[in-house]
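Trainee: model the structure of this input:
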Amino acid sequence: MSTKYIFVTGGVVSGLGKGITAASLGRLLKNRGYKVANQKFDPYINVDPGTMNPCEHGEVFVTDDGAETDLDLGHYERFTDESLSSNSSITTGKIYSEVIERERKGDYLGKTVQVVPHITNAIKEKVYKFKDTDVDIVITEIGGTIGDIESLPFVEAIRQIGLENKPEDVMYIHVTLLPYIHGSNELKSKPTQHSARELQSYGIKPDVLVCRSEIPIPDGMKDKIALFCNVRKENVIQNSTVEVLYEVPLMLEKEGLAKVACEHLNLKNKAPKNEKWEKMIDKIKNIPDKTVNIAIVGKYVSLEDSYLSVVESLKHGGFANNVKVNIEFVDSEKITDDASAEKKLKKYDGILVPGGFGNRGTDGKIIAIKYARENNVPFLGICLGMQMAVVEFAKDVLGLKDADSTEFNSRTKNPVIHIMETQKEVKKKGGTMRLGAYPCKIKKGSLAEKIYGKELISERHRHRFEFNNDYRKQIEKAGMVISGTSPDNTLVEMIEIPTHKFFIAGQFHPEFKSRPDHPAPLFKEFIKASSK
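Mentor: Residues are numbered from 1 along each chain as shown. Predicted structure coming up:
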């Protein structure tokens with residue numbers, strides 16, 4: 001079977017659910033037995049989201065191979081349960097960087113380098129990279145909305161792919177808005193018509209319109225949209241708001257999106273095996289009223305998407321423990337002393353301190369961790385959360401009042417967190433972080449072993465600084481257990497306090513591998529401990 005290509009574009013406004021639509025279709029096609037790979041093209045000039053402010057762009061999702069990517073890749077992985085790679089997250093910056101580098105090396109043999117064909121060819125290369133692999137269907141989402149000047153090269157590239165392949169091998173899905181006017185109590189199709197026309201002006205005829213609507217789309221409205229947008233009526237798909245995010249694939253299945261895709265792509269429309277997904281949604285919808293209150297103590301609290309994977313992983317932990325998880329964000333900058341920590345945190349059943357960069361808000365995180373440790377409140381630390389747990393323990397238990405990370409205080413006399421000599425060498429060569437999947441060896445008899453149930457695990461990382469091995473003996477003697485290390489024992493990966501109800505932290509980001517139907521073990525057990 002030749003590789004099939006599905007392109008998902010958006011119109012009218014952003015935030016209509018292109019990413020969720022692409023992820024949901026991936027799940028539905030996978031449930032029909034096809035191997036699917038999702039891909040995101042982002043029109044911004046940053047080479048990747050790694051340097052972007054989480055409060056502006058949302059979290060940075062990290063793949064196994066160490067790519068810093070757009071948060072939509074998290075949706076793709078959680079819905080399809082397929083691990084993606086750097087080739088699944090492409091930006092304008094990455095494309096232009098590669099083309100300019102080729103030009104400097106003389107690869108274009110002195111030709112004038114232009115958007116067409118050089119930039120568009122570089123974009124197409126990223127799509128065609130899945131060719132001759134085991135992938136049956138590539139689903140590529142184009143960021144932004146049709147009409148944005150930034151995304152034009154991507155739109156042109158996917159138009160060309162439509163010409164270069166058989167009609168039954170390429171499909172265009174356009175996600176658009178049907179606004180509901182409360183005064184007249186009716187849906188309006190004009191924005192959708194204008195958006196479809198704009199897409200057609202670039203040479204792309206949408207095969208399917210996925211219309212976001214607050215109310216059911218009347219049959220007559222579907223007729224009108226089909227006529228004026230030049231699509232078949234059955235290819236006008238309603239995208240409704242659902243009670244549970246992970247219900248979207250089943251809603252789109254009911255609307256016929258996967259059936260339409262299979263027919264257009266000349267795929268055998270195998271009977272979908274949605275039973276497990278249906279049972280999962282049924283279980284989620286019937287969770288009892290017992291609620292667990294969790295505080296995420298961080299500094300990127302102005303945008304919830306800053307901690308998107310953490311939030312979803314906490315929900316996954318709730319699904320597994322049959323409890324509802326109420327998640328609230330606590331601004332670490334507002335926690336200034338023990339009294340403010342008591343006031344802000346006493347109502348929570350569990351406290352989570354996530355990752356981050358820079359010293360803003362770190363004092364508040366340390367005070368929050370101290371509150372959790374001293375009051376026997378279940379605590380989970382992630383990346384910087386682990387580092388701050390070590391700093392807090394060194395300050396308060398070991399009495400090293402100036403203990404700190406050299407990220408925040410390069411002159412501290414007690415750098416319990418620092419950049420190792422080997423890391424300095426890496427930095428000299430142009431690398432700055434430990435990124436992607438790394439193995440972790442778990443200590444026998446530890447809480448970590450009880451949680452994971454095995455001796456060797458693999459988790460994804462995104463950080464520069466490490467636990468300072470000079471303080472290992474001192475810290476362990478005082479009661480903090482190093483329960484996870486790199487296989488060669490040089491890097492500390494996990495710490496825990498066995499005398500505590502539940503106090504554990506990892507240098508890695510377990511949230512990137514959590515799925516609704518099999519949650520990350522640390523989150524599952526954190527919610528379990530918090531619900532007792």
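
Trainee: can you give me the helices in the stretch 301-450 of the chain?
Mentor: Per DSSP state H, counting those that start in this stretch, the stretch 301-450 of the chain carries helices over the ranges 308-321, 338-345, 362-374, 384-396, 421-428, 447-452.

Trainee: which strands or helices does the shortest one pack on?
Mentor: This means helix 447-452. The criterion is 3 or more CB pairs under 8 Å, 6 or more residues apart in numbering; DSSP states H and E, and the helices and strands that helix 447-452 contacts are strand 434-442, strand 481-485, strand 492-496, strand 503-506, helix 521-531. (Each C-beta comes from the backbone N, C-alpha and C, glycine too.)

Trainee: hey, C-alpha coordinates of it in CSV?
Mentor: The C-alpha coordinates for helix 447-452 follow below in CSV (Å, rounded to 0.1, in the frame of the first residue of the first chain):
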residue,chain,number,x,y,z
LEU,A,447,9.1,3.3,46.9
ALA,A,448,10.3,3.9,43.3
GLU,A,449,10.6,0.1,42.8
LYS,A,450,7.2,-0.4,44.3
ILE,A,451,5.7,2.2,42.0
TYR,A,452,7.4,1.0,38.7
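
Trainee: check the offset of that helix from the chain's centre.
Mentor: Helix 447-452 sits 25 Å away from the centroid of its parent chain (CA atoms, centre = their mean, to the nearest Å).

Trainee: show the subsequent helix or strand relative to it.
Mentor: strand 456-463 (DSSP states H and E).

Trainee: hey, where'd the strands end up in the stretch 1-150 of the chain?
Mentor: In the stretch 1-150 of the chain, the segments counted as strands under DSSP state E, counting those that start in this stretch are 4-10, 36-42, 61-62, 68-69, 89-91, 137-142.

Trainee: now for the ones you listed, which one comes closest to His264?
Mentor: If you check each of these against His264 by CB to CB, strand 4-10 wins as the nearest, at 9.1 Å.

Trainee: re earlier: redo the strands of the stretch 1-150 of the chain as CSV? Include mean pLDDT, mean neighbour count and distance to His463.
Mentor: Putting those into CSV (pLDDT from 0 to 100; neighbours: other CB atoms under 10 Å; distance: least, CB to CB, whole Å) gives the following:
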stretch, mean pLDDT, mean neighbour count, distance to His463
strand 4-10, 97, 26, 33
strand 36-42, 97, 26, 23
strand 61-62, 96, 26, 10
strand 68-69, 95, 23, 12
strand 89-91, 96, 24, 19
strand 137-142, 98, 25, 28
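
Trainee: picking that back up, please tabulate the helices of the stretch 301-450 of the chain in CSV, including the columns mean neighbour count and mean pLDDT.
Mentor: Compiled in CSV, the helices of the stretch 301-450 of the chain are given as follows (neighbours: other CB atoms under 10 Å; pLDDT from 0 to 100):
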stretch, mean neighbour count, mean pLDDT
helix 308-321, 25, 97
helix 338-345, 16, 93
helix 362-374, 23, 96
helix 384-396, 25, 96
helix 421-428, 12, 51
helix 447-452, 20, 98
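
Trainee: which of those helices sits closest to Gly183?
Mentor: Checking the helices of the stretch 301-450 of the chain against Gly183 by CB to CB gives helix 308-321 as the closest, at 34.9 Å.

Trainee: neighbouring contacts of that closest one?
Mentor: Residues from elsewhere that reach helix 308-321 (CB atoms under 8 Å, 6 or more residues apart in numbering): 58-59, 61, 71, 74, 78, 280, 283-284, 287, 292, 294, 296, 304, 324-325, 327, 352, 354, 382, 509-512, 514-516, 519-520, 523-528, 531.

Trainee: can you turn the buried part of those into a ChimeraX selection?
Mentor: Selection of buried members from the contacts of helix 308-321 for ChimeraX, criterion 16 or more other CB atoms under 10 Å:
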select :58,59,61,71,74,78,280,284,292,294,296,324,325,327,352,354,382,509,510,511,512,514,515,516,519,520,523,524,525,526,527,528,531
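
Trainee: quick one on the thing from earlier: in JSON lines: the strands of the stretch 1-150 of the chain, plus distance to Lys129.
Mentor: Rendered in JSON lines, the data for the strands of the stretch 1-150 of the chain read as follows (distance: least, CB to CB, whole Å):
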{"stretch": "strand 4-10", "distance to Lys129": "12"}
{"stretch": "strand 36-42", "distance to Lys129": "9"}
{"stretch": "strand 61-62", "distance to Lys129": "19"}
{"stretch": "strand 68-69", "distance to Lys129": "15"}
{"stretch": "strand 89-91", "distance to Lys129": "10"}
{"stretch": "strand 137-142", "distance to Lys129": "9"}
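
Trainee: leaving out sequence neighbours, find the closest residue to the residue positioned nearest the centre of the chain.
Mentor: Centroid-nearest residue in the chain: Gly74, 2.7 Å away (criterion: CA atoms, centre = their mean). Residue nearest to Gly74 in three dimensions, not counting chain neighbours: Phe61, with 4.4 Å by CB to CB, 6 or more residues apart in numbering.

Trainee: what residues are bridge-paired with that neighbour?
Mentor: When assigned by DSSP bridges, Phe61 has beta-bridge partners Thr69.

Trainee: measure it to Leu303 for me?
Mentor: 15 Å (CB to CB, to the nearest Å).

Trainee: cool, Asn322 as well?
Mentor: In this structure, Asn322 and Leu303 are separated by 30 Å, where distance is defined by CB to CB.

Trainee: for Leu522, same thing?
Mentor: With distances defined as CB to CB, the gap from Leu522 to Leu303 amounts to 24 Å.

Trainee: now for this structure, the helix or strand with the poorest mean pLDDT.
Mentor: In the chain, the helix or strand scored least confidently by mean pLDDT, DSSP states H and E is helix 421-428, which has a mean of 51.

Trainee: quick check, pLDDT for Gly356.
Mentor: As predicted, Gly356 sits at a pLDDT of 88.

Trainee: how about the nearest residue to it, chain neighbours excluded?
Mentor: Counting by CB to CB, 6+ apart, Leu384 is the residue found nearest to Gly356 once chain neighbours are left out, at 4.9 Å.

Trainee: correct me if wrong: the one you found contacts Leu352.
Mentor: No. In this structure Leu384 lies outside contact range of Leu352 using CB atoms under 8 Å: 11.9 Å.

Trainee: which residue ranges of the stretch 51-200 of the chain form helices?
Mentor: Counting by DSSP H, counting those that start in this stretch, residue ranges of the helices within the stretch 51-200 of the chain are 54-57, 72-80, 92-105, 120-128, 152-164, 190-201.

Trainee: other SSEs contacting the shortest one?
Mentor: In terms of contacts (3+ CB pairs under 8 Å, 6+ apart), helix 54-57 is not packed against any helix or strand.

Trainee: just the buried residues of it, please?
Mentor: Taking 16+ other CB under 10 Å as the neighbour-count basis, helix 54-57 is seen to contain the buried residues Pro54, His57.

Trainee: so how far is that helix off the chain centroid?
Mentor: On the basis of CA atoms, centre = their mean, the separation between the geometric centre of helix 54-57 and that of its chain is 13 Å.

Trainee: so for that helix, mean pLDDT?
Mentor: 82.

Trainee: residues in contact with it?
Mentor: So helix 54-57 is contacted by Pro49, Val60, Leu71, Tyr300, Ser302, Leu303, Asp305, Ser306 (CB under 8 Å, 6+ apart).
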